[in-house]
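S.K.: Fold the following for me, if possible:
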Amino acid sequence: MKKQFSKFSENIRLTESQENDAKTKYTGVCKTLHKSYYENEYDGSTKLLFGSYKTKTNTRPLSEEQDIDVIFKIPEETYEKFKNYEGNGPSALLQEVKEILKKTYTTTDEIKGWGKVVLVKFADNTHNVEVLPAFELEDKTFIIPNSENGGSWDSFNPREQVDTFQLSNGKTNSLTADLTRMMKTWVKNTPSLNYKSYALLNDIMAYLSNNYKNGADYSEYYLVVRDCFHNLYINCDSSQDSHLATALSRANKAVTYFEEDKPKEASLEWRKIFGNEFPLVTENPINESKTRVFTTPSSPYAYGKIN
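M.R.: Numbering: from 1, shown residues only. Take a look at the predicted model:
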């Protein structure tokens, strides 16, 4: 399934125009805030991108829930002002940020401040921006507002997972990013499944730290994905159990069909997992003899679920 997995990986990556749209959106939001909080010209230093748009593990087609995570670094005096605020200082900070953005983004669908962030929602099929106002400490971690339960100031280290991801992605020759995008596509194609992106990424990095450490060719991706589902299944909690069991069953069928020279049936099983972004094979080879070499995972899995 080398050709199909190569095309699938291409199908779910953002296009150049989508990447440019994302950059335009988050740059505009942070530049607007910079003008209100700083006297100098905006140069990008008060912005910090994190999450999937930093690791480039975002996927298409775009969805309503697909937000760009970006930190806007507030000045120390702003942090001190709201830290000493009578009442819910974190909520007051988020509301101030919201009001500043509303003056510029008057035609957006919605701007709202909630929890820890301010969400700037743009038109459908474009990128929303989830901006997190935060005060950066000397150790490069952040203090962020949490407006829930009366308000608090929490510690946050967005660089930690990004650094871990980049290390994993380098060692696996970009397999970490490819596999993460594919597994995110499975999550999007499974509406009843609750699997947070940061948790999924951590689980994938843990899996790859013991398997396919040096990456894999597209010709091996069908095994990489099947083995990943198996690894997630034996380690998952009960809320994800049935979804992963279904995905693993379909992946096993797909592998079996492919090894029996039935790529059409294999592609249909992969489409049950990933949706129509996975290319369909329209017919099986006729009277064609092939010899394939199959890759064995670097460490054998125990069969059965870990309790």
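S.K.: Pick out the least confidently modelled helix or strand of this protein, by mean pLDDT.
M.R.: Lowest by mean pLDDT, DSSP states H and E among the helices and strands of the chain is strand 110-114, with a mean of 74.
S.K.: quick one: contacts of that strand?
M.R.: Strand 110-114 is contacted from outside by 91, 94-95, 97-98, 101-102, 105, 118-121, 147, using CB atoms under 8 Å, 6 or more residues apart in numbering. (C-beta placed from N, C-alpha, C; glycine too.)
S.K.: Now a PyMOL select for only the buried ones of those.
M.R.: A single PyMOL command selects the buried members of the contacts of strand 110-114 (16 or more other CB atoms under 10 Å):
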select buried, resi 91+94+97+98+101+105+118+119+120+121+147
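S.K.: Looking at the contacts of strand 110-114, which one is closest to N211?
M.R.: The closest of the contacts of strand 110-114 to N211 turns out to be L119 (CB to CB; 37.1 Å).
S.K.: Give me the secondary structure label for the closest one.
M.R.: Assigned by DSSP: H, G, I helix; E, B strand; the rest coil, the conformation of L119 is strand.
S.K.: Taking strand 117-121 as reference, get the angle to the least confident helix or strand of the chain.
M.R.: 170 degrees (axes from the mean of the first three to the mean of the last three CA atoms, to 10 degrees).
S.K.: Give the buried residues for strand 110-114.
M.R.: Buried residues in strand 110-114 (16+ other CB under 10 Å): 111, 113.
S.K.: likewise stretch 143-153?
M.R.: Buried residues in stretch 143-153, counted by 16+ other CB under 10 Å: 144-147, 151, 153.
S.K.: quick one: which of those sit in strands?
M.R.: Applying DSSP state E to the buried residues of stretch 143-153, the entries found in strands are 144-146, 153.
S.K.: Sort out which one of those lies nearest F258 for me.
M.R.: Taking CB to CB as the measure, F258 lies nearest I144 of these, at 46.8 Å.
S.K.: And the closest one, how close does it get to F274?
M.R.: 35 Å (CB to CB, to the nearest Å).
S.K.: Checking the nearest residue in space to R60 that is not next to it in sequence next. Helix, strand or coil?
M.R.: Among residues not flanking R60 along the chain, L14 sits closest, at 5.5 Å (CB to CB, 6 or more residues apart in numbering). In terms of secondary structure, L14 is coil; the call rests on three-state DSSP.
S.K.: how about L14, what does it touch?
M.R.: 22, 56, 58-60.
S.K.: picking up where we left off before, redo the ones in strands among the buried residues of stretch 143-153 as JSON lines? Include distance to N169 and pLDDT.
M.R.: Listed next are these as JSON lines, based on distance: CB to CB, whole Å; pLDDT from 0 to 100:
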{"residue": "I144", "distance to N169": "26", "pLDDT": "96"}
{"residue": "P145", "distance to N169": "31", "pLDDT": "95"}
{"residue": "N146", "distance to N169": "30", "pLDDT": "93"}
{"residue": "W153", "distance to N169": "32", "pLDDT": "95"}
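S.K.: Cool, thanks, signing off.
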